[in-house]
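how does the following fold in three dimensions:
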Amino acid sequence: MKRNTLLLLILLFSFSTGFLIAQNSKNRVVPGKMYNSGEEVYSPKYGFTATIPAGWVGVLPRETEVFLLNSTSGSFGEIFIFGREKTDLNSLAESWKQGVKINESVELKSPEPTLEGDILYGKALAEGNFIKSDYQAFAAVRCGVYCITLLVVSTAQNADEAAATALDLLRNAEFSETLEVDPYEGFDWKEFLSGKLLITYEGFVGGKKESKINLCENGTFQAKVVQKGFLDESNPDFRGTLKGTWTVDGAGADAVLTFNIDKKELGTLQIKVNWQDEELYLNGTRFYASQSEKCD
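Have a look, this model is predicted:
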């Protein structure tokens with residue numbers, strides 16, 4: 001089943017989705033970070049805590065609303081996890097029996113779902129274009145304050161094992177009171193920026209003109225600035241090769257980054273650094289962060 005079909009399937013099958021993203025510093029699910037088997041993930045928004053199962057790895061892909069588990073056993077298997085508003089499981093079972101229309105040519109249904117306590121589950125049959133015959137689907141839902149849905153897609157030979165993994169994850173998960181908190185509460189800017197290469201491009205990613213800032217853990221920095229005025233619009237001399245020391249002060253999504261530049265005529269420069277929709281900005285310019293290779 002193609003990935004774009006799967007994502008559409010997820011959106012319609014759930015009727016309502018949301019980020020499975022933990023929003024406090026402990027066990028926070030960070031977009032793009034890989035979680036290995038045995039690691040615990042927690043979502044205050046949905047009051048849901050679960051452990052990555054053995055033989056699987058998990059990630060919340062950037063700019064998506066679905067947490068994804070991938071099998072590491074060598075056989076294809078994916079488990080999509082997402083939250084939805086709480087609903088009556090008996091009514092949901094009837095909807096599954098009737099089937100969910102993905103588009104004009106693809107339908108998904110679970111003809112014989114099982115309601116076992118607070119968990120609804122069953123094999124899901126998909127018919128239509130772009131559906132690989134050797135792929136099978138399985139769905140499971142358990143509800144607390146919100147409902148957590150798992151959709152499993154795997155090869156036929158791996159289907160039973162993947163479905164059992166999903167059920168085991170739900171049965172052993174914990175539900176608690178939900179919390180709406182700032183995702184950047186307690187964010188440590190010094191820890192995040194230390195040892196990082198910050199890079200921005202003029203015009204587009206991959207463009208030839210780029211500005212780089214290496215922020216080393218020992219408090220020194222090296223920078224190559226090509227865009228006129230992007231660090232300080234009032235002083236065009238803040239460009240070319242720069243070096244010196246750096247500090248950062250701030251809490252939450254916003255901070256102030258201070259550069260003490262070795263060139264005496266330039267002195268100290270302070271710029272605003274902040275997160276906007278999980279993207280990093282310095283003085284309003286989009287930057288990309290990676291590990292620096294210039295710091296010892």
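
CA only for contacts and neighbour counts going forward, please
Will do.

quick one: average pLDDT of stretch 42-49?
Over the span of stretch 42-49, the pLDDT mean works out to 83.

repeat for stretch 267-274
Confidence over stretch 267-274 (mean pLDDT, whole number) is 88.

show residues contacting that stretch.
231-232, 253-261, 280-284 (CA atoms under 8 Å, 6 or more residues apart in numbering).

looking at those, which are in strands?
When the contacts of stretch 267-274 are checked against strands using DSSP state E, the ones located there are 254-261, 280-282.

closest one of those to Val153?
Comparing the ones in strands among the contacts of stretch 267-274 against Val153 with CA to CA picks out Leu280 as the nearest, at 34.0 Å.

grab the nearest non-local neighbour of that closest one.
Among residues not flanking Leu280 along the chain, Phe287 sits closest, at 5.5 Å (CA to CA, 6 or more residues apart in numbering).

of all the contacts of stretch 267-274, which two lie farthest apart?
Across the contacts of stretch 267-274, the longest distance by CA to CA is 25.3 Å; it joins Ala253 and Ile261.

lowest-confidence member of the contacts of stretch 267-274, which is it?
Per-residue confidence across the contacts of stretch 267-274 is lowest for Asp232, with 53 (pLDDT).

how about residues contacting the helix ranked longest in the chain?
With DSSP state H applied, the helix covering the greatest number of residues in the chain is identified as helix 159-172. The list of residues contacting helix 159-172 from outside it, by CA under 8 Å, 6+ apart, reads 50-53, 77, 79, 136-138, 140-142, 150, 152-154.

how many neighbours does Arg171 have?
The burial count assigned to Arg171 is 13, neighbours taken as other CA atoms under 10 Å.

did I read that right, Phe80 in a helix?
No: counting by DSSP: H, G, I helix; E, B strand; the rest coil, Phe80 falls outside a helix, being strand.

wait, what's in contact with it?
When the contact criterion is CA under 8 Å, 6+ apart, the partners of Phe80 are 10, 66-69, 149-152.

just to revisit the earlier point, for the longest helix of the chain, what is the distance to the chain centroid?
Relative to its chain's centre, helix 159-172 lies at 22 Å (CA atoms, centre = their mean, to the nearest Å).

quick one: mean pLDDT over that helix.
Model confidence over helix 159-172, given as mean pLDDT, is 95.

after that helix, which helix or strand is next? Please name it.
Sequence-wise, the next helix or strand downstream of helix 159-172 (DSSP states H and E) is strand 174-175.

which helices and strands does that following strand pack with?
Under the contact definition 3 or more CA pairs under 8 Å, 6 or more residues apart in numbering; DSSP states H and E, strand 174-175 sits against strand 48-51.
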